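Chemist: Show me the folded form of this:
(2 chains)
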Amino acid sequence: MAKPSRSRSRVASYGVLDGASRLFRKFFHGLLCLAALVLGFRLSGEAVLFLGTSSKDALFNRRSSIGLHLEGIDVALKFPYITEATQGSSLADLKLHGRNTSQSTDNQVKQQPPPPQRKSSRVNVGRHEILIRSQPHPDPLQSFTAHNLLKLVQHEQMLLYESEEYKRFLVVTPTFARTFQALHLTCLIHTLRTVPFPLTWIVVEAGGVSHETAALLSTSQVSFHHVGFPEAMPVPLEQRPQMEVRLRTEGLRFIREKKLDGIVIFMDDSITYSSDFFKEAQKTKWIGGFSVGLLSDFSVTKDAGETLVSANEKSSSSMPSTLQLQGPVCDRSEHMIGWFAPVEAAGDFGLQGRGALEWAGFSLNGKLLWEGYEMPAGFRSWNEGLKQSENFIQSPLDFVQNSTLVEPLGDCGRSILLWQLRTEARADSKFPSR
Amino acid sequence: MEAALWPWLHLLTLMCIFISGTLAFDTVRGTKPSITNDTLRDDPVGRLKVYVYELPTRYNKEVVERDERCLAHMFAAEIFLHEFLLSSPVRTLKPEEADWFFTPVYTTCDLTKNGLPLPFKSPRMMRSAIHYISTQWPYWNRTEGADHFFIVPHDFGACFHYKEEKAIERGILRVLRRSTLVQTFGQSYHVCMQQGSIVVPPYAPTKRIMEHLIPPSTPRSIFAYFRGLFYDVGNDPEGGYYARGARASIWENFKNNPLFDLSTEHPATYYEDMQRAIFCLCPLGWAPWSPRLVEAVVFGCIPVIIADDIVLPFADVIPWIEIGVFLAEDDVPKLDTILASLSATEVLKKQKALANVSIKQAMLFPQPSLPNDGFHQILNGLARKLPHHPSIYLQEGTRVLNWTAGPPADLQPW
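Modeler: From the prediction side, this is the model:
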């Protein structure tokens, strides 16, 4: 409402404008406002000058004319069929003309009142410029926002389509301080961080709690328990699995003592997991079995000390080059009937006997380990399991009397959700320098 | 005296402008669409009666027998609409009590070796069919076709050409000017867009879509997905003509962006991939519509529609603005900014709106027909146009359509 004072002052200062011209200006301004509301874009006073010319078409063909300035004559020579379109005004006339003739000659009587004469479309036929921005690289901030959006959408999907109660995972990992420990444990830490379910990590270390392991675990941002086992890991490779079994038993004992609730899974540092593994493991009721793919098509040469597994030396004559796997086998009604564990695929380092099945392919309900918990039919309690083999649990199968009680998970063992490949460093390698 | 009045005069002008502006707003935009869930689930039975003309088989059956591929391409809706109407409860055998008349002529069934329809004979076929019905039955001449409807699902509707300038030159076939057209083409302010036409989605094979469904709990891990041509090297080697340069612009700007899954290959897991994507790009091609829209809606992927002035299928009952993201062709270089700037709540809201089963049902043309499918929405659209205005009924002997207008090639008998 400052206008009256301004106009008054202008009147006072100039003294030229009289009332009629002021009124006309107000009226014209109001008319332009109204026209802007109807047409949808702002009209300035200069628009009056354009009313007579046909340059309105020039406004609408902006996109095509920009490109044409670059190509110009070449376009017309190569593509004669678009010469009509390149003269944008003629095409617009053609469109309007076409509609005009139709309306006048046919005299359509419509059910609604005839539509007002519409302006020509903003888009038209012809060569258009391909708009490329000068900075085609993705903006990192936008990538971050987009990934955030993906995460939120997936979380929402999970809430909608899956059950909301998640069971906690109790992850038992045996480890010991060595050159490649950082490599393996970092892999494991990253895997655990992507698991969308709550988990508790129980790291059982041979040789007692060491500073290297503790330092690694403290960077993990996963809630863990670092348990030490007094005996050290033996140097010869063949004796290591047995030690790992004892370490795992120690981990189970920890769960039993603390009465931790959840699903126990055995994540070794030599195993690569698919994210579907964790979803499937959630379905465990008492004991579940998975198919484990064994990437042990490499020969192991034995030196003094540790050696790298080398791919080429003992080639496929000694080891079959087909897929090695261990897993449950089901019949047609999806009931477990046994295990598929060919002798060649008996894990690494030629484990024989009942403990030939990899621990990693099993998931247990933590309640089976508790003291005083009533076992379901066919299951052995902790103490009975210990009795099976000299005071340690050789395999999760020790908890069941009949291996057909194992629930086959991962589409009845048909999906291989975990892969095992053991690699250890040479004795003289340094990785990584900390 | 004037000085004291000016504030009131300003106020009055402002109020007048405001009121007239809101009124103009309404008349320009047209009536507000009544978007309720119920309109999609309306049952057309009992609300209208359709009479299906019995044309000689050379207009319909023989055409299909000559080339069976017509039953599977994206214009197959014309064949299936005929079959649907033949067995539908809205069909009446008494033409005196019919509200709408349907002419079953399959104009889009002249396919090339590659399966693309040639429209060159279609105008003649259509004219011949209309000539036949106008001579055999009196109902065409009664209204000159104003209570008849035709399905013309080809690229530019009843303009019967696939090249846009040619289609614009031809304009809508003269004899169809008074009828209601059911077409896939929809672009406002376009010559080939007839007032009052019903825009339908292109035909997508329902059975094949249903076979490729994956569990909805599969996490959506692709941000933006598109499979299709960016440059049509056969017809437009230099680019800039096909899709008005929009598809080429998408490729040049986002081919290196890991969030965008763009390719010209047609993978075997095309349908499954769409169900794993959040945004599905639906840019225009030679014509503004594409079957991608149908696939995106059915698979729950938010369609990003890049086609200026497009009129989307069943726009009066489907709330497209709530379901999809609209982008101007000039804004294609900013596509990633725009998509990333959508908040999570907006995206989730759109996904929830997309999850409406009625919308998915409306996009498909299943055989046999299911409730609320595309056929029923066409009938609902026709029912909403009833009752006919009494002025469509012409005086005895008056003719308003010009039968001799149009290119001379059209006037030859078929």
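Chemist: Could you tell me how many residues sit around the closest residue to chain B within the stretch 151-300 of chain A?
Modeler: Relative to chain B, the nearest point of the stretch 151-300 of chain A is residue A:161 (3.6 Å; C-beta to the nearest C-beta). C-beta coordinates here come from the backbone N, C-alpha and C atoms, glycine included. Residue A:161: 12 surrounding residues under other C-beta atoms under 10 Å in any protein chain shown.
Chemist: Tell me who's in contact with it.
Modeler: B:215-217 (C-beta atoms under 8 Å, 6 or more residues apart in numbering or on different chains).
Chemist: Tabulate those residues in CSV, adding columns for pLDDT and secondary structure.
Modeler: Shown next, in CSV, are the contacts of residue A:161 (pLDDT from 0 to 100; DSSP: H, G, I helix; E, B strand; the rest coil):
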residue, pLDDT, secondary structure
B:215, 87, coil
B:216, 86, coil
B:217, 83, coil
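Chemist: Can you tell me how far residue B:324 is from residue B:82?
Modeler: Remark: distance between residue B:324 and residue B:82 (C-beta to C-beta, to the nearest Å) = 31 Å.
Chemist: These two: which has the busier surroundings?
Modeler: residue B:324 (23 against 20).
Chemist: Name all residues that make contact with that one.
Modeler: Listed by C-beta under 8 Å, 6+ apart, the contact set of residue B:324 reads B:282, B:302-305, B:350.
Chemist: and if we set it to 10 Å?
Modeler: B:279-280, B:282, B:293, B:296-297, B:302-305, B:312, B:318, B:350, B:353-354 (C-beta atoms under 10 Å, 6 or more residues apart in numbering or on different chains).
Chemist: quick one: which of the residues you listed has the most company?
Modeler: Neighbour max across the contacts of residue B:324 (other C-beta under 10 Å) = residue B:282, 30 neighbours.
Chemist: Against chain A, how distant is that residue?
Modeler: From residue B:282 over to chain A the distance is 16 Å, taken as C-beta to the nearest C-beta, to the nearest Å.
Chemist: Just the pLDDT for the closest residue to residue A:381 other than its chain neighbours.
Modeler: Excluding the flanking residues, the one nearest residue A:381 by C-beta to C-beta, 6 or more residues apart in numbering or on different chains is residue A:375, at 5.4 Å. pLDDT for residue A:375: 82.
Chemist: Burial check on residue A:375, number of neighbours?
Modeler: Neighbours around residue A:375, by other C-beta under 10 Å: 16.
Chemist: that's a helix at it, yeah?
Modeler: No. Residue A:375: not assigned to a helix; according to DSSP: H, G, I helix; E, B strand; the rest coil it is coil.
Chemist: Next one: it relative to residue A:252, how far apart?
Modeler: 15 Å.
Chemist: again, but for residue A:385
Modeler: Taken as C-beta to C-beta, the span from residue A:385 to residue A:252 is 9 Å.
Chemist: out of the two, which sits in the more crowded spot?
Modeler: Ranked by neighbour count (other C-beta under 10 Å), residue A:385 and residue A:252 place residue A:252 first, with 27 against 23.
Chemist: Angles on the backbone of the more buried one, please.
Modeler: When read as degrees, to the nearest 10, the backbone of residue A:252 gives phi -70, psi -40.
Chemist: Now do it, the pLDDT please.
Modeler: Looking at residue A:252, the pLDDT reads 91.
Chemist: circling back to that earlier point, report the contact partners of the residue nearest to residue A:381.
Modeler: A:286, A:367-368, A:381-382, A:384, A:399-400.
Chemist: Looking at the residues you listed, spot the one nearest chain B.
Modeler: Using C-beta to the nearest C-beta, the contacts of residue A:375 come closest to chain B at residue A:286, 24.3 Å.
Chemist: does the closest one really touch residue A:380, like I thought?
Modeler: No. Using C-beta atoms under 10 Å, residue A:286 is not in contact with residue A:380, being 11.7 Å away.
Chemist: tell me the mean pLDDT for stretch B:269-286?
Modeler: On average, stretch B:269-286 scores 93.
Chemist: Show me which residues of it are buried.
Modeler: Using 16 or more other C-beta atoms under 10 Å in any protein chain shown as the test for burial, stretch B:269-286 gives B:271, B:273-286.
Chemist: Show me the two of those that sit farthest apart.
Modeler: B:276 and B:286 (28.4 Å; C-beta to C-beta).
Chemist: phi, psi of residue A:237?
Modeler: Torsion angles, degrees, to the nearest 10, at residue A:237: phi -70, psi -30.
Chemist: Next, count neighbours for the residue nearest to residue B:117 when sequence neighbours are not counted.
Modeler: Nearest residue to residue B:117, sequence neighbours excluded (C-beta to C-beta, 6+ apart): residue B:108, at 4.7 Å. Neighbours of residue B:108 under the rule other C-beta under 10 Å: 26.
Chemist: mind listing what residue B:108 touches?
Modeler: B:63, B:70, B:73-79, B:117-119, B:122, B:125, B:151-155, B:160.
Chemist: Weed out the non-buried ones from those residues.
Modeler: B:63, B:70, B:73-79, B:117, B:119, B:122, B:125, B:151-155, B:160.
Chemist: Could you grab the helix/strand/coil label for residue A:363?
Modeler: Note that with three-state DSSP, the state of residue A:363 is strand.
Chemist: my read: it touches residue A:264, true?
Modeler: Yes. Under the criterion of C-beta under 10 Å, residue A:363 makes contact with residue A:264 at 6.7 Å.
Chemist: Spit out the residues that contact the two alike.
Modeler: Shared contacts of residue A:363 and residue A:264, defined by C-beta under 10 Å, 6+ apart, are found at A:169-170, A:281, A:284, A:287, A:396.
Chemist: Select from the contacts of residue A:375 the one having the most neighbours.
Modeler: residue A:399 (26 neighbours).
Chemist: Spell out the residue ranges of the strands in the chain.
Modeler: This is for chain A. A:169-175, A:199-206, A:224-229, A:263-266, A:271-273, A:287-289, A:291-294, A:324-330, A:336-340, A:362-365, A:407-408, A:416-420 (DSSP state E).
Chemist: that's the wrong chain, I wanted chain B
Modeler: Counting by DSSP E, the strands of chain B are B:50-52, B:100-102, B:148-151, B:180-183, B:198-199, B:222-227, B:260-263, B:277-283, B:302-306, B:325-326.
Chemist: Most tightly packed of the ones you listed?
Modeler: strand B:277-283 (a mean of 26; mean count of other C-beta atoms under 10 Å in any protein chain shown).
Chemist: Quickly run through the sheet partners of that one, with directions.
Modeler: Looking at strand B:277-283 with DSSP bridges, its partner strands are strand B:222-227 (parallel), strand B:302-306 (parallel).
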